[in-house]
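Trainee: Below: sequence and its predicted model.
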Amino acid sequence: MKSEIRNEKEILLKLDDVHVHYGGVHALDGASVAIDEGEIVALMGPNGAGKSTVLKAIFGIAPVHSGEVLWHEKRFKPVPHEVVARGIAFVPQGRRVFKYLTVEENLEIGGFIVGDKKELARRMAEVMETFPALKAKRRTKSGTLSGGQQQMLAIARGLMVDPKVLLLDEPSLGLAPKIVKEVFENIKEINERHGTAIVVVEHNIKSILGIVDRAYVLAKGKVAAQGKPEELLSSGVLEKIFLGEK
Amino acid sequence: MRLMKTSESYIFPYVDIVPQLIANSVIAGAIYALIALGFNLIYGTTKFFNLAHGAVAACGAYTVFAILKIFALPVNVVVTCVIGAVVAGSIGYGLDKFVYLPLRKRKASNMVLMVASLGAFTAIQAVIAILFTSQFQALESSGGVSGSVEVYGAIITHTQVVIIACGLAIMAVLGLVAKYTLFGKAVSAIKDDEEVARMVGIDTNKIIGRVFFIGSAIAGVAGILIGFDTGIEPTMGMNLLLKGTIASIIGGVGSLYGGFLGAFVLGFAENFGIWKISGEWKDAIAFVVLIIFLLIRPEGIVKK
């Protein structure tokens, strides 16, 4: 399962032997992950495996001790606003919309780096088309939205920069199963409609494996396995890692 | 107090002073508002009490003093005031760039940042005293505003009219900037969640730097106007800081409108509080109001 099973597309984003330390805790211990153009990749693993830290390392909000982050095979030092300018958007865990701003203002802030007002308006219209529920609530303070609507807004906010790669951290966390299904459908639609590569950290294994092209399984800060969903499911590696079965 | 002239005044002897008390309250409120607006703007984005804010206000006043009195440059008083505000803004920006930002990058706690700002306050105040002596100085100018107007029996100097007008105008401009510009919305986003603001592509350090410049420039304006109204001394920043902080807390710390409202509540409480007692009690009244708010409404008048 450890062999590189990827398609012929160009590698957009790569983490090579990345180590992230929080004091004495090694959140990532030599993790290597590669994301190709237009694919959906899941990062799975038990709590504390380092899934979210992978996303934070890409974004420059986790202290990378050693290793490299590459964009189009070129090494770069991640700084959040520069990462966004490269075309990578991050939707953090727990939605974290700007609760005192309206839906529309949240989207405007999502497109902060766009600058041009006309372009911003065009992108907002496009995003509203993907999420019609948000259009009806455009003047509503986002703190008053339901959990599902907030999650959609958080994803929509990420789409405002027209990203090449969208990083989603636990998008189903705290949502009802019906809403989770809807969110996953949205993720698939964004990928198909815009060709956006999507990296999803997800604990809801069954649901996420239904929409991804590939998945990485992390354990103790390392990539323990990777492959296509059906291969991971049939190999028994998930049971081994999640349930500790021998 | 003005002499009682009308027959009504003999019947209601205390009513005669009310217009003046109201005017004094509004003037004091406008001064506190100018300090509180900048203070709250900075607190909202950084979440620490920038104690150097008062000393930065004094820098604005002393810049004008240096231009008009020491160097006696033939510069228009309005231009001088703008220069004073820009100098104060630049000092605030410099403090952020060279003191607070490096500390924030090292993940310093808000307590550490506050202590650093206290150090900056002390240092700035000392430098002012070294450069200009500790003496009280007048800041009037031949090209400045002078004279007074009477409004419903209250005497208001032209400088005080400018103070009130500046307080209202700056509040209005800040309100419009917050509501209608991307910069204003970015400031709101940073206030709400700085980490996520960075995640969506905002260069938060750049925005915070600008906030320091704007907030400090407003403080500079306050210092200059107070200088023209009552004079200047190196320690003037402490009283301004205290009143601005109290206004911010009772209005709702971090809230633009809260700070503005709190400033006027404080102005009215102080001035009506000393109606029947000595003016020496003014500061004590301010702290009593603060304590009352901390006990019964710690979140301030304007809730988030």
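Mentor: That came through fine.

Trainee: Those residues of chain A touching chain B, which are they?
Mentor: Contact residues (CB under 8 Å from any CB of the partner chain) of chain A with chain B: A:59, A:61, A:80-81, A:84-85, A:89-90, A:92, A:96, A:98-101, A:105, A:108-110, A:112-113, A:157-158, A:161. Quick note: C-beta positions are derived from backbone N, CA and C, even for glycine.

Trainee: Show me which of those are buried.
Mentor: A:59, A:61, A:80-81, A:84, A:89-90, A:92, A:96, A:98-101, A:105, A:108-110, A:112, A:157-158, A:161 (16 or more other CB atoms under 10 Å in any protein chain shown).

Trainee: which stretches of chain A have low pLDDT?
Mentor: Low-confidence segments of chain A (pLDDT under 70): A:1-9, A:245-246.

Trainee: Tell me the buried residues in the helix ranked longest in chain A?
Mentor: Looking across chain A with DSSP state H, the single longest helix is helix A:177-194. The neighbour-count check on helix A:177-194 (16+ other CB under 10 Å) flags A:179-180, A:182-184, A:186-187, A:190-191, A:194 as buried.

Trainee: Which neighbouring elements make contact with that helix?
Mentor: strand A:40-44, helix A:117-130, helix A:147-159, strand A:197-201, helix A:205-209 (3 or more CB pairs under 8 Å, 6 or more residues apart in numbering or on different chains; DSSP states H and E).

Trainee: Compare those and give me the one nearest B:Ile202.
Mentor: Closest of these to B:Ile202 is helix A:147-159, at 11.9 Å (criterion: CB to CB).

Trainee: So for the closest one, what gets flagged as buried?
Mentor: A:148-159.

Trainee: now swap in stretch A:25-37 and tell me
Mentor: Neighbour count says stretch A:25-37 has A:26-29, A:31-37 buried, by 16+ other CB under 10 Å.

Trainee: Now do that stretch: everything it contacts.
Mentor: A:4, A:6-7, A:9-21, A:41, A:43, A:50, A:53-54, A:57, A:62, A:67, A:164-165, A:195, A:197, A:199, A:216, A:218, A:220-223 (CB atoms under 8 Å, 6 or more residues apart in numbering or on different chains).

Trainee: Which residue, neighbours along the chain excluded, lies closest to the residue of the stretch 201-304 of chain B found nearest chain A?
Mentor: Going by CB to the nearest CB, chain A is nearest to B:Gly201 of the stretch 201-304 of chain B, at 3.3 Å. Closest residue to B:Gly201 apart from its sequence neighbours, by CB to CB, 6 or more residues apart in numbering or on different chains: A:Val84 at 3.3 Å.

Trainee: which regions of the stretch 1-150 of chain B sit below the pLDDT cut-off?
Mentor: B:1-15, B:141-145.

Trainee: Do a quick rundown of the strands in it.
Mentor: B:148-151 (DSSP state E, counting those that start in this stretch).

Trainee: Quick check: residues of it near chain A?
Mentor: Counting by CB under 8 Å from any CB, no residue of the stretch 1-150 of chain B is near chain A.

Trainee: chain center to the biggest helix by length in chain B, what's the gap?
Mentor: When chain B is parsed with DSSP H, its longest helix is helix B:18-46. Averaging C-alpha positions (CA atoms, centre = their mean, to the nearest Å) puts helix B:18-46 6 Å from its chain's average.

Trainee: before we move on, back to that, among the contacts of stretch A:25-37, name the ones in helices.
Mentor: Using DSSP H, these in helices are A:53-54, A:57.

Trainee: and which of those is nearest B:Asn110?
Mentor: A:Thr53 (25.7 Å).

Trainee: So that closest one versus chain B, what's the distance?
Mentor: According to CB to the nearest CB, to the nearest Å, A:Thr53 and chain B sit 15 Å apart.

Trainee: Which residues lie in contact with that residue in this structure?
Mentor: So A:Thr53 contacts A:20, A:27-28, A:62, A:221 (CB under 8 Å, 6+ apart).

Trainee: the inter-axis angle of the longest helix of chain A versus helix A:117-130?
Mentor: Here the directions of helix A:177-194 and helix A:117-130 differ by 130 degrees (axes from the mean of the first three to the mean of the last three CA atoms, to 10 degrees).
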